[in-house]
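Chemist: This is a predicted model, with the sequence first.
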Amino acid sequence: MNIIEYADRDMLALDLGGRLASELNEALHHEDRVSLVVPGGTSPGPVFDDLCGAEVAWDRVDVALTDERWVPETSDRSNTRMIKDRLLTGPAAAARLVPLYADGDIEVELPKLGEGIDVLCPITVLLLGMGTDMHTASIFPEADNLNLALSPDAPNLVPMRAPGAPEPRVTLPAHVLEGAINKHILIFGDEKRAALERAEILDAFDAPIRAVMMGATAHWAP
């Protein structure tokens, strides 16, 4: 894993947004459609602000989240709502969003949603976040379906319930994320930098990011 350090978060957002756009454009030279999979949360917002205006054939890009809380878009906890506001706007509004949420029971709806993930694989460009507990997407240490999410035989979408999480979540499993052609990890602050470096010597069951970090480029700013 390679780590790129930036002087500040604005420089990181500008550079990383450009890199993601460049990788999408490179793939579009020889593929009819490409896929971009991104995290929710607050950290990637500035990256999306730069990426959404990039010169990309967005009408040939399929966009999906790495994970989603099982809440409707009307909720302020919806990652889908966030990427529609910050990423799928301007030129990038032409991209096709692959949903990770549907009204109804999570176990009933997930198989149908999982069929949509097939078109993404292998993921062309993947951006991941990471928590200080070394989770990525919604693959949390001590989550109820951690073993399944780390299994090479996992379905394309896995329901997850984690200690302290107020609602169920759905996540792409490790094998789908690990298979991405271009992988990037976005982290801010000394605590997450130390956690990412610690994860390199831990087992994926203790540090789920470990399962997807091989060949990735990490982007860090204070």
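Modeler: Ah, there it is. The structure displayed is predicted, hence computed values, not measured ones.

Chemist: Longest strand in this structure, please.
Modeler: strand 182-188 (DSSP state E).

Chemist: what comes up buried for the longest helix belonging to the chain?
Modeler: In the chain, taking DSSP state H as the definition, the longest helix is helix 9-28. Within helix 9-28, the residues that qualify as buried are 9, 12-17, 19-21, 23-24, 27-28, counting by 16 or more other Cβ atoms under 10 Å. All C-beta atoms are positioned from the backbone trio N, CA, C, and that covers glycine.

Chemist: re earlier: quick one: contacts of the longest strand of the chain?
Modeler: Outside of strand 182-188, the residues within contact range by Cβ atoms under 8 Å, 6 or more residues apart in numbering are 1, 9, 12, 16, 19-20, 23, 39, 43-44, 47, 124-130, 136, 177, 193, 196, 209, 212-213, 215-222.

Chemist: which stretches of this structure form helices?
Modeler: All helices of the chain, identified by DSSP H, fall at 9-28, 45-51, 79-86, 106-117, 146-149, 174-178, 190-199.

Chemist: For the fourth one, buried residues please.
Modeler: Of the residues in helix 106-117, those with enough neighbours to count as buried (16+ other Cβ under 10 Å) are I106, E109, L110, L113, G114, G116, I117.

Chemist: could you list every residue that touches the residue lying closest to I139 once chain neighbours are set aside?
Modeler: Setting aside the residues directly before and after it, I139 is nearest to P208 in space (Cβ to Cβ, 6 or more residues apart in numbering), at 4.1 Å. P208 makes contact with M134, H135, T136, I139, F140, P141, L146, A149, L150, A174 under the criterion Cβ under 8 Å, 6+ apart.

Chemist: for I3, same thing?
Modeler: Here I3 is in contact with R193, L196, T217, A218, H219, W220 (Cβ under 8 Å, 6+ apart).

Chemist: same deal with C52?
Modeler: Residues in contact with C52 (Cβ under 8 Å, 6+ apart) are R86, L87, L88, T89, G90, P91, A92.

Chemist: ok, and the most crowded of those?
Modeler: Within those, most neighbours by other Cβ atoms under 10 Å means L87, with 23 neighbours.

Chemist: so that one sits right up against P39, yeah?
Modeler: No - judged on Cβ atoms under 8 Å, L87 makes no contact with P39 at a distance of 10.9 Å.

Chemist: in the protein, what secondary structure element scores lowest on mean pLDDT?
Modeler: helix 106-117 (a mean of 94; mean pLDDT, DSSP states H and E).

Chemist: For that helix, which helices and strands make contact with it?
Modeler: strand 158-160, strand 169-171 (3 or more Cβ pairs under 8 Å, 6 or more residues apart in numbering; DSSP states H and E).

Chemist: Report all helices and strands that the last one contacts.
Modeler: Applying 3+ Cβ pairs under 8 Å, 6+ apart, we find strand 169-171 packed against strand 67-69, helix 106-117, strand 158-160.

Chemist: Quickly run through the sheet partners of it, with directions.
Modeler: Strand 169-171 sits in its sheet next to strand 67-69 (antiparallel), strand 158-160 (antiparallel), going by DSSP bridges.
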